[in-house]
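> Next input, structure requested:
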Amino acid sequence: MTNPASTGSDIEAYIARFARALGGVPREDRDDFAAEIRSHLTLRAASIGASAAIAELGSPEHCAAGFLDELRLQAAIADGAPATSFAALTSVAGRKVLGAAGVLIAACFYLFALGFFLTACVEVIAPDLAGAWYNPTNGDFEVGIMFGDHSGARELAGWALAPLSLAAAVGLYLVGAIVSRNMVRLLLSHTRQDRRLLSP
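Below is the predicted model:
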């Protein structure tokens, strides 16, 4: 027969480590999270024992990481800034496949946006280095900042390259921001579903 005192001691030891792992989380939130975990463990321990209940949750540090992820994602949604959303995705990318996918997709859009922005800048400062060229000899099409001889290629954009590149940069940046925000919302939804599994 399981000793209730021992069971309670094991659970409280788990809760203590869990609370420490939450770090600088405000005390009120930390107490709420600890109460949630304590309630779950007590309920599960009554049916499968404290050791098995604790094993189900994993280490206190791993469990706390899930709560910290939720707080970061909530803060990113509340802030609304693209940089905050991308930072939140980056913070969970190592633990969640969806977070890693969000970082990869958003980063691609942001990098392309940066490339087009730099192309627009170079087109204004040094127009010979930026352009959109088509080489009828080999069928190559090149756009952006290019070094080398383009004498055999036909310039397609001319002066219009700068505004077109700037428009493309803004568009790609906005798409990256939308992807980041939607991925954060999706991750937050998944995190909350995981939390609901802890409810008695």
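> When you work out contacts or count neighbours from here on, use the C-alpha atoms and nothing else.
OK.
> Check what pLDDT the spatially most central residue of the chain gets.
By Cα atoms, centre = their mean, the chain has its centre lying nearest to residue 89, at 0.9 Å. pLDDT, residue 89: 92.
> tell me which element it is part of?
Element membership of residue 89, judged by DSSP states H and E, is helix 82-92.
> what about the longest helix in this protein?
helix 161-196 (DSSP state H).
> circling back: other SSEs contacting the helix holding residue 89?
Applying 3 or more Cα pairs under 8 Å, 6 or more residues apart in numbering; DSSP states H and E, we find helix 82-92 packed against helix 60-79, helix 97-125, helix 161-196.
> Save these as a markdown table, and put in distance to residue 13, mean pLDDT and mean neighbour count too.
Compiled in a markdown table, the helices and strands packed on helix 82-92 are given as follows (distance: least, Cα to Cα, whole Å; pLDDT from 0 to 100; neighbours: other Cα atoms under 10 Å):
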| stretch | distance to residue 13 | mean pLDDT | mean neighbour count |
| --- | --- | --- | --- |
| helix 60-79 | 10 | 89 | 18 |
| helix 97-125 | 31 | 92 | 19 |
| helix 161-196 | 21 | 89 | 19 |
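> now for these, which one comes closest to residue 39?
helix 161-196 (12.6 Å; Cα to Cα).
> Show me how far the closest one is from its chain's centre.
How far helix 161-196 lies from its chain's middle: 10 Å, per Cα atoms, centre = their mean, to the nearest Å.
> now stretch 26-40
Stretch 26-40 has its C-alpha centroid displaced from the chain centroid by 25 Å (Cα atoms, centre = their mean).
> in it, what counts as buried?
Residues 30, 33, 34, 37, 38, 39, 40 are the ones in stretch 26-40 that count as buried (16 or more other Cα atoms under 10 Å).
> Surely the fourth one is in contact with residue 15?
Yes - proximity of residue 37 to residue 15 meets the contact threshold set by Cα atoms under 8 Å, at 7.4 Å.
> now residue 40: how far from residue 30?
Separation of residue 40 from residue 30 (Cα to Cα, to the nearest Å): 15 Å.
> nearest residue to the residue nearest to the centre of the chain other than its sequence neighbours?
In this structure, residue 89 finds its nearest non-sequential neighbour in residue 99, 5.2 Å apart by Cα to Cα, 6 or more residues apart in numbering.
> ditto for residue 57
The nearest residue in space to residue 57 (Cα to Cα, 6+ apart) is residue 63, at 6.5 Å.
> that older thread, contacting residues around the helix holding residue 89?
By Cα atoms under 8 Å, 6 or more residues apart in numbering, the residues outside helix 82-92 that reach it are 69, 72-73, 76-77, 99-100, 102-103, 106, 177, 180-181, 183-184.
> Next: stretch 97-115.
For stretch 97-115, contacts defined as Cα under 8 Å, 6+ apart pick out 86, 89-90, 92-94, 144, 168-173, 175-177, 179-180, 183-184, 187.
> next one: stretch 47-66
Here stretch 47-66 makes contact (Cα under 8 Å, 6+ apart) with 2, 7, 10-11, 14-15, 17-19, 21-22, 41-42, 44-45, 191.
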